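**Student:** The following block contains a protein sequence and its predicted model.
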Amino acid sequence: MANWGLPILTSLYADFIDELKQRDDDCATMFDVGTPSTIPTGAIKWNSTSNIFEKWSGTVWNPLSTKYLINVDQVDGYHASAYNVFTANALVTRHPSGYIYSNSFNTTAASTATVPSTIFIETASDGFIRKQTLANFKTHIGIINTATATVPTHIWIETGSDGIIRKQTFAQFKTNIGIVNVATATVPTHIWIETGSDGIIRKQTLANFKTNIGIVNAATTATPTSVWVETASDGVIRKQALSVFNSFSAPEMIFSTPYAVGSTHSLVATVRGMARVNHSSSTGDTDIAVLNGSASTISSLRYRGDSSWLTLSGSLATGTLV
């Protein structure tokens with residue numbers, strides 16, 4: 001290509017014409033063809049390899065600019081549309097206030113098990129997506145992050161994988177997850193529990209559960225202080241003091257040694273309900289006695305001996321078999 005230092009006054013006429021023509025070629029191709037020399041500083045070149053304009057610094061070609069303020073009709077072959085006109089295959093433009101309008105958003109992000117810190121919501125039916133903290137969101141939809149002993153009436157669930165939360169009755173929910181609300185005598189293999197206070201129900205083996213709540217699977221001769229009972233057939237196990245349990249129960253009094261009529265014996269439990277008494281009557285039978293006692297005194301105690309009723313009377317501590 002052209003030597004931009006030529007022609008000069010001493011150039012031959014034949015060379016002069018060729019040197020001018022080479023300059024014309026450089027200008028016509030915007031210096032993109034060949035390797036011109038003695039290029040004037042500030043010359044502009046189109047680089048078809050990099051698809052950019054370049055400027056000659058005197059030693060090297062540098063990008064002409066990092067940004068061009070050019071009004072074009074298309075960007076990479078796509079037209080722009082008005083902010084509220086949802087044209088297919090069009091570039092997004094903003095509302096005068098900076099908002100972006102769209103029919104829907106489709107993402108390829110994978111599901112996550114991480115506890116969210118923020119929820120995106122709509123308020124006032126205006127179509128705008130706004131950011132809200134998880135704590136505020138739970139408050140607004142009526143989720144209170146405190147434990148309650150009240151039996152639930154409804155559970156909020158997702159069906160399928162559509163991300164929609166639906167209300168379901170507690171009874172239906174239990175049926176769906178395999179909880180049968182009937183008593184069973186089968187020894188359980190697993191217990192469902194919560195650990196920490198995260199509200200997540202986890203499966204735990206019965207052995208681990210018993211260890212965690214202090215149940216030792218071994219016989220003991222120690223006097224119990226409490227027992228675990230169910231009240232009202234609700235399936236809930238509650239702790240109850242032994243003294244309270246005894247006041248509700250009808251203990252069986254067993255006189256393990258035959259006693260003669262007229263002998264005095266110690267009564268070591270509350271005498272209410274039924275008792276079995278071994279006595280030294282002529283038949284030596286074990287008979288059933290009816291105990292009509294209070295917590296402090298015995299009003300009457302009768303048992304069937306031979307063919308007649310005999311009566312035991314006295315204080316709580318002792319009674320005389322008569």
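**Tutor:** Structure's in. What do you need? Since the structure is predicted, the reported quantities are computational estimates derived from the model, not experimental observations.
**Student:** What's the mean pLDDT across stretch 231-250?
**Tutor:** The average pLDDT within stretch 231-250 is 71.
**Student:** do the same with stretch 22-30
**Tutor:** Throughout stretch 22-30, pLDDT has a mean value of 94.
**Student:** and what of stretch 71-89?
**Tutor:** Stretch 71-89 carries an average pLDDT of 91.
**Student:** Tell me the buried residues in that stretch?
**Tutor:** Tyr83 (16 or more other CB atoms under 10 Å). Heads up, the C-betas are built off the backbone N, CA and C, glycines and all.
**Student:** can you check stretch 144-162 too?
**Tutor:** Buried residues in stretch 144-162, defined by neighbour count with 16+ other CB under 10 Å: Ile155.
**Student:** Run the chain-centre distance for that stretch.
**Tutor:** 11 Å (CA atoms, centre = their mean, to the nearest Å).
**Student:** Between the two ends of stretch 60-75, how far is it?
**Tutor:** One end of stretch 60-75 sits 30 Å from the other (CA to CA, to the nearest Å).
**Student:** Check stretch 131-142 too.
**Tutor:** 18 Å.
**Student:** distance between that stretch and the chain's centre?
**Tutor:** Taking mean C-alpha positions (CA atoms, centre = their mean), stretch 131-142 and its chain are 15 Å apart.
**Student:** And the contacts of that stretch?
**Tutor:** 115-121, 144-145 (CB atoms under 8 Å, 6 or more residues apart in numbering).
**Student:** May I ask which two of these are separated the most?
**Tutor:** Distance extremes for the contacts of stretch 131-142: the farthest pair is Phe120 and Ile144 at 22.3 Å, using CB to CB.
**Student:** Can you get me a residue count around Asp15?
**Tutor:** Neighbour count of Asp15, defined by other CB atoms under 10 Å: 13.
**Student:** and it, what are its phi and psi?
**Tutor:** Note on Asp15: backbone dihedrals following degrees, to the nearest 10 are phi -70, psi -40.
**Student:** Check what pLDDT it gets.
**Tutor:** Taking Asp15 on its own, its pLDDT is 92.
**Student:** Quick check, it in contact with Ala2.
**Tutor:** No. Assessed by CB atoms under 8 Å, Asp15 is found out of contact with Ala2, at 11.9 Å.
**Student:** Could you list the low-pLDDT ranges of the stretch 101-250 of the chain?
**Tutor:** Low-confidence segments of the stretch 101-250 of the chain (pLDDT under 70): 181, 183, 216-217, 246-250.
**Student:** could you pull out the helices for the stretch 101-250 of the chain?
**Tutor:** For the stretch 101-250 of the chain, the helices defined by DSSP state H, counting those that start in this stretch occupy 134-140, 170-176, 206-212, 242-248.
**Student:** helices or strands up against the second one?
**Tutor:** Spelled out, that is helix 170-176. Secondary-structure packing of helix 170-176 (3 or more CB pairs under 8 Å, 6 or more residues apart in numbering; DSSP states H and E): strand 154-158.
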